[in-house]
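A.B. asks: Sequence below, structure please.
(one chain, ligands or ions: 1)
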Amino acid sequence: MDTEGSPDVYDSLDGQVALVTGATRGIGAAIAAELAALDATVYAGARDTDDVTADDQRSVRLDVTEADAVAAAIDRIEAETGRLDVLVNNAGVFERTGSLAALSMDAFDRTMAVNLRGPVLVTKHALALLLDGEGARVVNVSSDLGQFTGGQMSGSYPAYRLSKVGLGGLTAYLHGGDRGIWRDIRDALAAIDAPTTAEELGIDDDVVIEALTTCHEIRDRYTILGNGMKEAAARDVARKTGVI
Ligand SMILES: NC(=O)c1ccc[n+]([C@@H]2O[C@H](COP(=O)([O-])OP(=O)(O)OC[C@H]3O[C@@H](n4cnc5c(N)ncnc54)[C@H](OP(=O)(O)O)[C@@H]3O)[C@@H](O)[C@H]2O)c1
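C.D. replies: The predicted structure is shown next:
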């Protein structure tokens with residue numbers, strides 16, 4: 001892959017694990033090759049594993065429309081490596097459908113199944129493993145045909161365009177969703193040297209747990225903690241967020 005002019009974000013991905021869907025050819029094969037060249041352990045998703053010939057990649061059977069295959073692929077990665085750092089939702093189809101009036105709904109369903117439902121399904125299954133580690137990334141391969149700007153949202157290929165709009169929505173969801181905007185808040189606080197841990201605040205871990213389990217009682221009004229949380233859940237969230 002010609003990477004001249006592209007930013008050097010990483011010198012090495014040694015020790016990291018990546019899964020690329022639709023890695024048999026085209027852009028997916030190039031991404032998988034580039035990740036392997038950076039020494040990541042690369043799982044190359046393929047409907048037919050014989051289509052993956054690179055000997056520095058591990059081919060994994062992965063049709064993104066099949067829930068069982070997706071679950072099996074993630075289970076295998078977890079069993080073999082115990083981690084997943086990079087998920088590239090690349091697999092896609094592009095049926096050259098006409099305008100909306102002429103659109104075949106079968107073509108629409110096929111396109112949505114691969115381009116939108118597929119990434120949702122794969123990400124959903126991979127999420128726990130991704131969130132197990134620090135700094136995991138999900139890369140959704142979209143298209144300029146999925147942009148609202150630049151006069152792209154009209155004319156032919158409505159199925160493809162709308163599938164990529166949905167994929168952009170998934171990306172937005174992940175930014176504020178299960179990854180948790182708390183990381184952004186923590187990082188913003190850290191950037192101005194504000195405390196982000198109990199130790200930095202100068203309080204005991206137990207005070208944090210007491211606050212999390214009792215603060216819903218302080219005022220008779222709705223809080224995001226609802227009816228409060230149990231101590232085990234409080235310790236879990238405080239540990240996962242690095243506060244204690
Ligand atoms: N090429 C472009 O100009 C362009 C521009 C913008 C965005 N994109 C996007 O970039 C991505 C890759 O495009 P490309 O041009 O490299 O496409 P491509 O050469 O047609 O390759 C598509 C890949 O997706 C796989 N795939 C298709 N259906 C699948 C399914 N149900 N489950 C798993 N894998 C499946 C294919 O596997 P098989 O080998 O088994 O068919 C193949 O590996 C797509 O998301 C596309 O929308 C492409």
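A.B. asks: Pull up the pairing partners for whichever strand in the chain runs longest, direction included.
C.D. replies: Longest among the strand segments of the chain by residue count, using DSSP state E, is strand 41-46. Next to strand 41-46 in the sheet, as set by DSSP bridges, lie strand 17-20 (parallel), strand 58-61 (parallel).
A.B. asks: Please identify the deepest-packed of those strands.
C.D. replies: Neighbour counts (mean count of other CB atoms under 10 Å) averaged over each of the strands paired with strand 41-46 peak at strand 17-20, with a mean of 28. Glycine gets a C-beta too; all of them are placed from N, C-alpha and C.
A.B. asks: could you point out which element follows that strand?
C.D. replies: Once the chain leaves strand 17-20, the next helix or strand it forms, by DSSP states H and E, is helix 26-37.
A.B. asks: when you compare where that following helix runs with where strand 41-46 runs, what's the angle?
C.D. replies: Interaxial angle, helix 26-37 versus strand 41-46 (axes from the mean of the first three to the mean of the last three CA atoms, to 10 degrees): 160 degrees.
A.B. asks: does any bit of helix 26-37 sit next to the ligand?
C.D. replies: Yes - Helix 26-37 lies within reach of the ligand by CB under 6 Å from any ligand atom, at Gly26, Ile27, Gly28.
A.B. asks: quick check: domain ranges of this structure?
C.D. replies: The chain is divided into the following domains under automatic domain parsing: 17-176, 182-240.
A.B. asks: just those: most buried one?
C.D. replies: Of all the domains of the chain, domain 17-176 has the most neighbours on average by mean count of other CB under 10 Å, namely a mean of 18.
A.B. asks: circling back: dump the strands paired with strand 41-46 to a markdown table, plus distance to the ligand.
C.D. replies: Listed next are the strands paired with strand 41-46 as a markdown table, based on distance: least, CB to the nearest ligand atom, whole Å:
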| stretch | distance to the ligand |
| --- | --- |
| strand 17-20 | 9 |
| strand 58-61 | 9 |
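A.B. asks: Give the next helix or strand downstream of the helix or strand of the chain with the lowest mean pLDDT.
C.D. replies: Least confident helix or strand of the chain, by mean pLDDT, DSSP states H and E, is helix 182-191 with a mean of 77. Where DSSP H and E defines the elements, the next helix or strand beyond helix 182-191 is helix 198-201.
A.B. asks: by contact count, what packs against that following helix?
C.D. replies: Judged by 3 or more CB pairs under 8 Å, 6 or more residues apart in numbering; DSSP states H and E, helix 198-201 is in contact with helix 205-214.
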